[in-house]
Structures are given as C-alpha cells and as structure tokens.
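K.L.:
Take a look and give me a structure for this.
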Amino acid sequence: MSDAIDSSHKGSYALITLGCPKNLVDSERMLGLLRLEGYRMVPRPEGADFVIVNTCGFLAAARDESLSVIREMEQLKKQGDLRGIIVAGCLVERQKESLLAECPGIDQLVGVFGRDEIARAADRLIGGLSEQRTVFRPASSVPLSDTDRLRITPRHLAYLKIAEGCDRLCTFCTIPSIRGRHVSKPIDRIVAEAEQLAADGVRELNLVAQDLTYYGLDDGGRPRLAELLGRLEEVEGLGWIRLLYLYPMHVTDELIERIAASRKVLPYLDLPLQHINDQVLRRMNRRVSRAETEALLGRLRERIEGLVLRTTMIAGFPGETKRQFEELVAFVRRQRFERLGAFEFSKEPGTPAERLDGQLPPAVIRARRNRLLEVQQEIAFAWNQRQVGRQMDVLIDCDIPGQENAFRGRSYADAPEIDGVIYITGEDLRPGQFVRCEVVAAKDYDLIAAALAP
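P.N.:
This is a model prediction of the structure:
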C-alpha cells in the first residue's frame, strides 16, 4: 500500500492493535467505519496523519506493553513524523482518569463502547479541535454491530464475536469492569455475519467471546451455543468452525454431542481451567469443583473423537500453598493437555484478589509458572512426536518467502497466533487451501509435513 497522501481522502492513518481476538474485531470495525468516512489506512505510523493504538488493559504486562507503544508514538509525534495519536480499547476504559495525564501526547481517547464514534474522533483530530478529547459510552445493553469491518486477518480466516461482556465474577479478573455484563448477539445476526465472511473467502471461522458457553443465558435463560453451531454448520463455504474460550460450567451434553457429530465444528476446545485445587478455585470464585472438572474432561475425551484440549492455569494465586501447587502439577501431568498456557498471578487493582491475604513473592510466582511450563513442554513435545507418520488436513496460511514450494499452515489442532504451525512442502499450493499432508518430522512445538498428491 502506498504511503503517498491521496487528496481525495480525508487523511491517512496507521493501526496498532494489541491484545486478544475480541480486540481485533473491534479494530476491524473501527477500520471499516473510517474507510466509509473517507480515511485511508497506511502500513506504518511514520508519515501518517494519525495512528490508532487499540490497547489491552487486562493484566499488568499488557498495560505495560500498551503504554510502551503509546510512548513510542508520542516520540514519533514529537519528532514531527506523526501528526496525531488516538488511543482506544481496554486500557483506555481502565484508566479513564489518568491516561491523558500520564501520556499527554495523546490527542483522543476512545473507550471500548465508544468505538463506533472513531470517525468523529478522527475528524476532531484532523480539524485541530481539542475541546473534546474523550469518547466514553456506558456498557451497551444490546450487542454491538460488527458489520462493515475492514478485515486485517488473512482472507481465509476471521474472528466472529458472538457476545460482549462477562457475567462471571472471578476474583482475579478485570473484564466485567471493562466490558460490562454479558450480552448475546442474536443468532440470525451471527449467521448473517458468518455468511458475509464466507462470501468474502473465509474458510476458518473462529468464534470468540469472554465465555462462549454462556451464550443465550442472558436472552432466554438457557445455553444456546449448540443451537447456534447447528445454524453455522449450514453456512456454505466454511470449512472449519473453531471455539475459543469455553467456561467449564455450561458445557452441556447437547453441546458435546453437537461438536462430536459436526462436519465443521473442530474437535478443538479452549477450556481455561485456571486451577484444580478446590480451595484455590473457591478463592478464585470459579464456581466449579475438581470433581466436576474431572468428570467434564472425561466426558469430552470419551465422546469427541480426536479431541485437542487447550487450557490455561494461573500460578501463585494468593494463598496457594506448595501442596496445592503440586496438586496442580500432578493434575497437568495426568491430564496431558495437548495445549496449555501458564500465567503468573497478576495483582490487578480493583479486583477482589488484590485484597486477598496470602500474597506470594514475585519470585515464587515466577518459579511456579516456569515449573508448569516445563512440565507442559515435555507433554507437548511428546504429543508432537506422536503425530509423525500421520496424515492430516492442513489449512495453508502463507508461503514462506525465499523458499520454493514451501508453505506454512495449521491443522485443526492449531489455533491461529496461539498454537504451533506446520511447515509444508508441495507444489501448486495457495493460502486458504485445505491440503492433505503427511507429517514427516516434529520440531519443538511445530510440525513438518509433505503435501500428498490429490
């Protein structure tokens, strides 16, 4: 894309989007609205009229990253390489009162629920108006529209947000205070959006929300994810439907059977458990027990053929004893999750966990997290080795620059930007194509495969 200024457009801008796929959908919605208003996106902030930084504010590390990017943009602005800065997203929502004082080079703040007014913020910046520098709106009681997006993912994959907010009150989490109560998007709207995405070339549809299994409970009083998946199954053009983030409480038998029988819904479930010790789970307010968790995992493994489970665990939660941590390690060893992420407990301001007794030293928290990752690395590498010699369908993501007939892709077991990848050799392959491959080698978290003749 050219960096030259086009006089037929209002102005040029660059985007830096941080955080989770839900934030990415918000970014794409803002880009679409700016395009409709005559603004032109360029690949780099240098030389642009303004930059949009869509921030994450979930954990301290994410806030630090967001602030680092903002300060880098302030430096570009000070040097005259950038005209203005718009900051949006979760960090803005968390630090409404302090962010402008902390980063005075910011021109406009746009809160999570002010995203649809991004063009107004841009107009004020371009017009040199500074009397209103913030756009904040209360959490919406109706689902936001995610149509008219300008997608920045590869053409063959997309994220579709089926709900906003969260009604879970986990003691360590800031999401409800940032994104409000859970609000489900109507099924007909989701299906229409999926049809538009499929018509635009999407082959892998990743469903996202703070909690997919809560879908429908706010609108009718019963879980409706299985019903939604039945409708999405019929959308022509989609090859894979992936589920990202399912709270264990409302994984119903109906949902399990829907996944097990589906032609498109992948046997890949992102099921963050956070811990397994009952006392720690109660202090986290997870409202699920070890016995219930183990029973659920057993049902999932028994009923869904080829199931790949991803989970996350928190190490060093306040009051976690050495014995409780060892219980978690033993659980991970026994369950042998194909995918697992481990996080250090982060003492987030305003959360109940911030006030809990038994806060652990940072060095202990870090050591426990590293121990979990070491255990999981052994499990993950062994799982990868077992894939050698197997045949599987691979979705080609891109070619590898400078290498002839070399491509990068993923199997159903690999969520984009989260899990490992598969390096493929083969002729006449293209991004967005499903290819039957044979795995010939494993390399750490990745696989190496050869495309099979059609």
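K.L.:
quick one: contacts for residue 41?
P.N.:
Shown in contact with residue 41 (C-beta atoms under 8 Å, 6 or more residues apart in numbering): 1, 12-15, 31, 34-35, 150. The C-beta positions use only the backbone N, C-alpha and C, and glycine is treated the same way.
K.L.:
Now that we have those residues, which of them are buried?
P.N.:
Buried subset of the contacts of residue 41 (neighbour count, 16 or more other C-beta atoms under 10 Å): 12-15, 31, 34-35, 150.
K.L.:
Narrow those to those in strands?
P.N.:
12-15 (DSSP state E).
K.L.:
Adding pLDDT, write the residues you listed out as CSV.
P.N.:
Output for those, formatted as CSV (pLDDT from 0 to 100):
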residue, pLDDT
12, 95
13, 96
14, 96
15, 97
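K.L.:
Output those residues as CSV; include the columns distance to residue 334.
P.N.:
Formatted as CSV, these follow (distance: C-beta to C-beta, whole Å):
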residue, distance to residue 334
12, 55
13, 51
14, 48
15, 44
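K.L.:
And the residues you listed, which is closest to residue 62?
P.N.:
residue 15 (17.5 Å; C-beta to C-beta).
K.L.:
For residue 202, see how far away that closest one is.
P.N.:
With distances taken as C-beta to C-beta, to the nearest Å, residue 15 is found 20 Å from residue 202.
K.L.:
picking up where we left off before, could you identify the most distant pair in the ones in strands among the buried ones among the contacts of residue 41?
P.N.:
Among these, 12 and 15 lie farthest apart (C-beta to C-beta), at 11.3 Å.
K.L.:
Tell me how many other residues surround residue 321.
P.N.:
13 (other C-beta atoms under 10 Å).
K.L.:
hmm, who's touching stretch 346-364?
P.N.:
59-61, 171-174, 177, 283-285, 316-320, 344-345.
K.L.:
and if we set it to 6 Å?
P.N.:
The contact list for stretch 346-364, computed with C-beta atoms under 6 Å, 6 or more residues apart in numbering, reads 59-60, 171-172, 174, 316, 318-319.
K.L.:
of those residues, buried ones?
P.N.:
By 16+ other C-beta under 10 Å, the contacts of stretch 346-364 give 59, 171-172, 174, 316, 318 as buried.
K.L.:
shaky segments in this structure?
P.N.:
1-8 (pLDDT under 70).
K.L.:
could you redo the last one with a cut-off of 80?
P.N.:
Within the chain, the stretches with pLDDT under 80 are 1-9, 129-132, 138-141, 219-220, 454.
K.L.:
Quick check: the nearest residue to residue 277 once chain neighbours are set aside vs residue 240, distance?
P.N.:
Excluding the flanking residues, the one nearest residue 277 by C-beta to C-beta, 6 or more residues apart in numbering is residue 324, at 4.3 Å. Distance, residue 324 to residue 240, using C-beta to C-beta: 38 Å.
K.L.:
same check, this time on residue 335
P.N.:
25 Å.
K.L.:
one step back: which of the contacts of stretch 346-364 fall in helices?
P.N.:
Mapping those onto helices (DSSP state H) picks out residue 60.
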